[in-house]
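Enquirer: quick check, what structure comes out for this input:
(2 chains)
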There are 2 protein chains.
Amino acid sequence: MKIAVDAMGGDYAPEQIVFGAVRAAKEYGCEIVLVGDEKKIVRVLAKEEGWQSLGISVLHASEVIEMGEHPVTAVRRKKDSSVVVATRLVKEGACDAVLSAGSTGGAVAAAQFILGRIAGADRPTIATPMPTPKGVTLLLDSGANVDSKPKHLVQGAIMGALYAEHVFGIKKPRVGLLNIGEEETKGNEQAQATYPLLKSMTTVNFCGNAEGRDIPKGNFDVVVCDGFVGNVVLKFAEGLAKTLVRLAKDAVKNGGILARLGAFLLLPALKKLGKTIDVSEYGGAPLLGVRGCCLIAHGSSNAKSIASAIRVAKDYVESDVLAHIKENLAREAALDDSGKCPAANGEEPAAEAVRS
Amino acid sequence: MKIAVDAMGGDYAPEQIVFGAVRAAKEYGCEIVLVGDEKKIVRVLAKEEGWQSLGISVLHASEVIEMGEHPVTAVRRKKDSSVVVATRLVKEGACDAVLSAGSTGGAVAAAQFILGRIAGADRPTIATPMPTPKGVTLLLDSGANVDSKPKHLVQGAIMGALYAEHVFGIKKPRVGLLNIGEEETKGNEQAQATYPLLKSMTTVNFCGNAEGRDIPKGNFDVVVCDGFVGNVVLKFAEGLAKTLVRLAKDAVKNGGILARLGAFLLLPALKKLGKTIDVSEYGGAPLLGVRGCCLIAHGSSNAKSIASAIRVAKDYVESDVLAHIKENLAREAALDDSGKCPAANGEEPAAEAVRS
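Expert: Okay, the predicted model is just below:
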């Protein structure tokens, strides 16, 4: 197992990315290729004793895609950028997965151009695991695409359900369509058109509409939505969590000596709670729909989050979910074309679908 | 000041609605007409000593619009439903505002049909105050309409800004467009088309795109979005808050004697914090764009939330913001038609705009 890590992407790159990689190499025993400015990476590695024996190597890349750049243009122009070079390693078979905490658009564009799309997946989708008291809810699309068509949401549902099943080990994951009410007739045009498509599927355990409140409550394993809504929800959750932590700290600080003592006594319990709902425990979000394992980590990832994301990449590769996704989408596409099961009418799946 | 209250709407109706009305009558000195099943209402009122001297009256209505009913059909058929009768009191000038914690769709439909829309407000919009550490952010539309056109979001921005200015007393409220990135070119078709319209306005202090995280952080006073996204965010916030409180309680319970002592010591500080972020402190959400004050309270409203909502209704009426909204939308509509200021070319605003 070899993972390509974009060492230059993220708010705390390369330092926290490199530290995270070392931590993951120690804990999960996977080989790692750190891609980026060699000098800078080696300088950080030098702080970690014995890194040479951990299966970590460095591959120089002279450019970096910055946050403000237009992703598609940047990926096309910066052929020697860390994320492009790292993604190429997967395409060429030198690595099993690629991870980046840099520009999400850059990572998505690189994966689309270099790895290519899986046949039947018209648009790649970011599947973000949201922590809940019952485990994790996979929210997709959480920002790769906007103005999605109903078929894109259906493809997302198929991929998300397979990911939840094979990577999280959830049998018959409960899939919900993010909407503003429980009834089938609720919602905007997109949701109204998507509902009957999902309802008619036999390969997905569709459990109806999910409302906003169902996500944190963990009432579904997979929630599909347009990338616009998913991204707003994701960033809202992030902002709310940060705001609450800040407010709680202020409350303790301004609450006098008794409040401080109280907080001290509560700390172990709160730490345990924090671990349950800490997004960094879940590391990266897979970009589903591309021909290779691509993981996207949060821009503010620290070493711990990067290590978690590398663990997720390892699980992703080992689960072989990619093969299941390719197979299912090809079957779905064939069904869509012929109205019948390909096995039943003796047809081969489309060439596009069996190429990789 | 006289407020019509739908006593039959809400999960805890009529009891909590009636108690809330009594509380508000005592605290804010406004007259209240409780509309609904007279027998049931009087039975609850009987538990409140001296309610007769508080300016509270009861108006019988024989029907109730249930949560599952189709709002438009229900409002048309159930002419004697509590929300329809209560809204009619505003139309006839017998009351200054109407409040309902029942079916949101029912309240919106009743307001649209009975009060009618303000000229220049093609779609009514629900403006929900979201608590932030800096005060309140008005999120609109939070569920009245989906698949809105850019002009609807612009109308929402005008109304939301005026509401924030006149009811919350914020000078030049910072208005943001909910989007998935800061740059002007970001977002779905709707957001991309709305941005330049908002940017060109001189009557609204447009401060650019607001991301999901900006809402809980309080970085804007008014955030405009499609009702689909707004409703998802609102319910997500609600679900997350409930989940966190439950998890924190469990953490204390399972944390042993020290954690319990800690929680006891922290209680006063946490109560103060809870007050800051408690949605029930802010009561109702105004339905903007209709010809009258209509307030929508949460379905799970208790007496405290209902009393808060009545206080909001009082502030709403006293601020005379409705007149400002009518005037501004008429001016905007005239500008839109002629490309010039109506005063400048001597034209009267459209008849529709001056009717009420």
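Enquirer: what's the closest non-adjacent residue to residue A:293?
Expert: With sequence-adjacent residues excluded and distances taken as CB to CB, 6 or more residues apart in numbering or on different chains, residue A:293 is closest to residue A:97, at 3.6 Å. For glycine as for every other residue, the C-beta is placed from the backbone atoms N, C-alpha and C.
Enquirer: can you report how many residues neighbour the one you found?
Expert: By other CB atoms under 10 Å in any protein chain shown, 27 other residues sit near residue A:97.
Enquirer: show me the contacts for it.
Expert: A:3, A:4, A:90, A:292, A:293, A:294, A:295, A:313, A:314, A:316, A:317 (CB atoms under 8 Å, 6 or more residues apart in numbering or on different chains).
Enquirer: residue A:311 and residue A:295 touch, don't they?
Expert: No - applying CB atoms under 8 Å as the test, residue A:311 and residue A:295 come out as separate, 10.2 Å apart.
Enquirer: overlap in contacts, those two.
Expert: Counting by CB under 8 Å, 6+ apart, the shared contacts of residue A:311 and residue A:295 are residue A:283.
Enquirer: which residues of chain A score low on pLDDT?
Expert: Counting by pLDDT under 70, the low-confidence segments of chain A come to A:274-282, A:336-356.
Enquirer: give me the residue at the spatial middle of it.
Expert: Most central in chain A under CA atoms, centre = their mean is residue A:285, positioned 1.3 Å from the mean C-alpha point.
Enquirer: what about the closest residue to that residue other than its chain neighbours, how many neighbours?
Expert: Spatial nearest neighbour of residue A:285, excluding adjacent residues (CB to CB, 6+ apart): residue A:128 at 4.2 Å. For residue A:128, the count of nearby residues is 24 (other CB under 10 Å).
Enquirer: do the same with residue A:72
Expert: Residue A:72 is flanked by 15 other residues according to other CB under 10 Å.
Enquirer: and if you look at residue A:113?
Expert: 15.
Enquirer: give me phi/psi at it?
Expert: Backbone torsions for residue A:113, taken as degrees, to the nearest 10, come to phi -70, psi -40.
Enquirer: give the contact list for it.
Expert: Contacts of residue A:113 (CB under 8 Å, 6+ apart): A:75, A:76.
Enquirer: relative to residue A:79, how far out is it?
Expert: Using CB to CB, to the nearest Å, one gets 11 Å for the distance from residue A:113 to residue A:79.
Enquirer: ditto for residue A:259
Expert: For residue A:259, the distance to residue A:79 equals 56 Å [CB to CB].
Enquirer: quick one: which of those two has more around it?
Expert: residue A:259 (21 against 12).
Enquirer: need the residues that contact stretch A:196-211.
Expert: Residues from elsewhere that reach stretch A:196-211, judged by CB under 8 Å, 6+ apart: A:150-151, A:153-154, A:157-158, A:161, A:172-184, A:186-187, A:191, A:195, A:219-220, A:223-224, A:328, A:331-332, B:232, B:235, B:239.
Enquirer: so how far is the first residue of that stretch from its last?
Expert: Stretch A:196-211 has an end-to-end distance of 17 Å (criterion: CA to CA, to the nearest Å).
Enquirer: picking up where we left off before, name the residue in residue A:311 and residue A:295 with the higher neighbour count.
Expert: More crowded of residue A:311 and residue A:295, by other CB under 10 Å: residue A:295, with 23 against 19.
Enquirer: what about the residue found closest to the more buried one once you drop the neighbours it is linked to in the chain, neighbour count?
Expert: Using CB to CB, 6+ apart and skipping residues adjacent in sequence, the residue nearest residue A:295 is residue A:284, 3.6 Å away. By the criterion of other CB under 10 Å, residue A:284 has 27 neighbours.
Enquirer: follow-up on the earlier one: list phi and psi for the residue nearest to residue A:285.
Expert: phi -100, psi 130.
Enquirer: from chain B, how far out is it?
Expert: Going from residue A:128 to chain B by CB to the nearest CB, to the nearest Å gives 12 Å.
Enquirer: correct me, but that residue touches residue A:141?
Expert: No - look at residue A:128 against residue A:141 with CB under 8 Å: they stay out of range, at 9.0 Å.
Enquirer: between the two, which contacts overlap?
Expert: Jointly contacting residue A:128 and residue A:141 under the rule CB under 8 Å, 6+ apart are residue A:230.
Enquirer: next, the contact list for the residue nearest to residue A:295, please.
Expert: A:99, A:295, A:296, A:297, A:308, A:309, A:312, A:313.
Enquirer: ok, residue A:79 next?
Expert: Residue A:79 makes contact with residue A:63 under the criterion CB under 8 Å, 6+ apart.
Enquirer: then residue A:32?
Expert: So residue A:32 contacts A:2, A:3, A:4, A:5, A:21, A:24, A:25, A:54, A:55, A:56, A:57, A:310 (CB under 8 Å, 6+ apart).
Enquirer: which one of those residues is nearest to residue A:264?
Expert: For the contacts of residue A:32, the residue nearest residue A:264 by CB to CB is residue A:24; the value is 32.8 Å.
Enquirer: can you tell me the element the closest one falls in?
Expert: Here residue A:24 sits within helix A:15-28, counting by DSSP states H and E.
Enquirer: for that helix, buried residues please.
Expert: For helix A:15-28, the buried set under the neighbour-count rule, 16 or more other CB atoms under 10 Å in any protein chain shown, comprises A:15, A:16, A:17, A:18, A:19, A:20, A:21, A:22, A:23, A:24, A:25, A:28.
Enquirer: residues from the stretch 1-150 of chain A in reach of chain B?
Expert: Counting by CB under 8 Å from any CB of the partner chain, the stretch 1-150 of chain A comes close to chain B at A:68, A:132, A:133, A:143, A:146, A:147.
Enquirer: give me phi/psi at the last one?
Expert: Recorded main-chain torsions at residue A:147 are phi 50, psi 50, according to degrees, to the nearest 10.
Enquirer: distance between the ends of stretch A:35-55?
Expert: End residues of stretch A:35-55 are separated by 14 Å (CA to CA).
Enquirer: residues in contact with it: which ones?
Expert: Residues outside stretch A:35-55 that contact it (CB under 8 Å, 6+ apart) are A:4-8, A:13-15, A:18-19, A:22, A:25-26, A:29-32, A:34, A:56, A:58-62, A:64, A:82-83, A:85-86, A:89.
Enquirer: Serialize the contacts of residue A:32 to TSV and add fields for secondary structure.
Expert: What follows is those, written out as TSV (DSSP: H, G, I helix; E, B strand; the rest coil):
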residue	secondary structure
A:2	strand
A:3	strand
A:4	strand
A:5	strand
A:21	helix
A:24	helix
A:25	helix
A:54	coil
A:55	coil
A:56	strand
A:57	strand
A:310	helix
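Enquirer: can you tell if the longest helix that chain A contains touches chain B?
Expert: In chain A, with assignment by DSSP state H, the single longest helix is helix A:227-253. Yes - for helix A:227-253 and chain B, the contact criterion (CB under 8 Å from any CB) is met by A:227-229, A:231-240, A:242-244, A:246-248, A:250-252.
Enquirer: among those residues, which ones are buried?
Expert: Buried subset of the residues of helix A:227-253 next to chain B (neighbour count, 16+ other CB under 10 Å): A:227-229, A:231-240, A:243-244, A:247-248, A:251-252.
Enquirer: and residue A:126, how many neighbours?
Expert: When neighbours are counted by other CB under 10 Å, residue A:126 comes out with 27.
Enquirer: contacting residues for it?
Expert: Contacts of residue A:126 (CB under 8 Å, 6+ apart): A:104, A:108, A:140-144, A:227, A:230, A:285-288, A:296.
Enquirer: and it, bridged to which residues?
Expert: Beta-bridge partners of residue A:126, counted by DSSP bridges, are residue A:287.
Enquirer: good, we can wrap up now.
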